[in-house]
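Asker: predicted model, plus sequence, below.
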Amino acid sequence: MYGTVQGVSVMVQSRCALGLAALLLLALAAPARAGGAAGPATQIETELRRTDTLLDRARDEVAGVRGAFAHERLRRAVETQRKAWVEFRRPAHDLRRVAALTREARSQALKAIEAAGIERRAAQGVSALLDRAEQRGAEVEPAVRASGSAIAVRLLDQGRRQLLRARRAWGESDPLAARLASLAQSLFDRAGRVAAGEGAVSTAAASSIARTEALLAEADARLAQETIASEAKALRAQAGDLLDRAREALRHDTEREALRLSLQARETALRLLARLQRRPTGAELLPALEDLEALRGEVAPEITASGDPQAQAQLEQSGTLLENARQLLAAGRTEEAVAALAAAESLLREAADAAGVR
């Protein structure tokens with residue numbers, strides 16, 4: 001997408017370099033102006049003014065964007081060109097240095113123009129993503145509301161929240177905007193499929209994976225801004241591996257395994273955020289609770305039918321922990337709720353393994 005702009009940038013810079021190199025050869029033979037006669041100094045002044053013209057264009061291009069890169073390149077170009085003019089106006093000026101400075105200023109101005117163009121095109125792409133997600137949400141909402149499916153409505157509402165976050169991120173030039181917009185559209189698509197009658201466990205797994213992706217996207221944004229400790233790196237790698245396995249399980253239609261792996265990935269992501277000094281919110285933990293309840297409801301009949309007393313005891317304990325977690329969330333005790341959810345997930349997995357349920 002950016003090849004044309006980069007090609008023009010390289011071409012212009014090459015021509016500038018060749019022109020100024022030729023002037024330098026002349027400048028070496030006659031390093032100072034003599035009585036205002038036309039010569040290397042006059043030609044260097046012409047190049048300085050051409051750079052001024054390019055800087056004016058760069059200011060116009062950069063004025064409409066927010067990216068720090070473009071603004072920083074413009075600032076450098078302006079400062080370098082200022083130094084070039086200062087040197088040129090000295091009585092015993094060094095034309096070699098003037099030429100080098102204005103060439104550098106021109107190079108930085110071109111980089112600023114190119115960066116502004118890239119940012120502008122990227123912003124247009126995110127805007128289109130936001131519009132498509134908004135349109136998809138409007139398309140599925142009537143069927144979702146009419147279906148009477150609590151899961152479908154929850155997915156729709158989650159999509160609306162992610163879309164709101166995406167628009168806020170876009171307004172703040174946050175690169176998360178594109179991911180959040182895509183996540184919102186995915187949630188709307190899943191809401192539509194549930195309203196059309198798709199299975200609850202499959203949908204719960206897909207929804208859980210989407211929510212875990214959102215948590216990891218936030219963790220990645222925080223990791224990019226901080227010095228990363230080895231333990232945080234390990235947690236991120238572990239969460240990413242679990243999420244990849246969850247996606248693979250969902251692709252092979254093993255929804256229970258996908259949901260279980262996604263829940264483990266989410267718990268790891270929450271621990272990572274806690275390590276990064278960001279406490280999980282009740283709104284983030286409630287979906288995890290609901291997913292675990294859905295998984296427990298799915299496997300409970302098979303665990304009970306197995307007749308394994310240890311598995312049944314673990315099943316009961318997991319139910320008690322889930323009730324405790326709901327009460328803790330209602331009381332705002334999120335750290336304790338995380339611990340209860342992690343213990344419930346572990347017990348449920350052990351019960352399923354003991355009963356031979358997959």
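Answerer: Sure, I can see it.
Asker: longest helix anywhere in this structure?
Answerer: With DSSP state H setting the assignment, residue counts place helix 95-147 as the longest helix in the chain.
Asker: output the contacting helices and strands for it.
Answerer: Under the contact definition 3 or more CB pairs under 8 Å, 6 or more residues apart in numbering; DSSP states H and E, helix 95-147 sits against helix 3-29, helix 40-63, helix 68-89, helix 150-171, helix 176-195. (Glycine included, C-beta is placed from N, CA and C.)
Asker: and it with helix 150-171, angle?
Answerer: 160 degrees (axes from the mean of the first three to the mean of the last three CA atoms, to 10 degrees).
Asker: sorry, back to before: so which of the helices and strands packed on helix 95-147 comes closest to residue 329?
Answerer: Judged by CB to CB, the one of those that comes nearest to residue 329 is helix 150-171, at 15.7 Å.
Asker: tell me the predicted confidence for the nearest residue to residue 238 once chain neighbours are set aside.
Answerer: Among residues not flanking residue 238 along the chain, residue 268 sits closest, at 5.2 Å (CB to CB, 6 or more residues apart in numbering). The per-residue pLDDT reported for residue 268 equals 83.
Asker: with residue 125 instead?
Answerer: Looking at residue 125, its pLDDT stands at 69.
Asker: if we can go back for a sec, angle of the longest helix of the chain against helix 40-63?
Answerer: Going by the same axes, to 10 degrees, helix 95-147 makes 10 degrees with helix 40-63.
Asker: follow-up on the earlier one: ranking the helices and strands packed on helix 95-147 by burial, who's on top?
Answerer: Comparing those by mean neighbour count (mean count of other CB atoms under 10 Å), helix 176-195 comes out on top with a mean of 23.
Asker: other SSEs contacting that helix?
Answerer: Helix 176-195 sits against helix 95-147, helix 150-171, helix 200-224, with contacts defined as 3+ CB pairs under 8 Å, 6+ apart.
Asker: what helix or strand is residue 351 on?
Answerer: Here residue 351, judged by DSSP states H and E, is contained in helix 334-355.
Asker: residues of that helix that come out buried?
Answerer: By neighbour count, with 16 or more other CB atoms under 10 Å as the criterion, the buried positions of helix 334-355 are 334, 337-345, 347-352, 354-355.
Asker: over to stretch 95-114?
Answerer: Neighbour counts using 16+ other CB under 10 Å place 95-96, 98-114 of stretch 95-114 among the buried residues.
Asker: could you give the average pLDDT over it?
Answerer: Stretch 95-114 comes out at a mean pLDDT of 89.
Asker: ok so, going back, what does the helix holding residue 351 rub up against?
Answerer: 260, 263-264, 267, 270-271, 274, 279-282, 285, 288-289, 292, 295-296, 299, 302-303, 306, 308, 310-312, 314-315, 317-318, 321-322, 324-325, 328-329, 357-358 (CB atoms under 8 Å, 6 or more residues apart in numbering).
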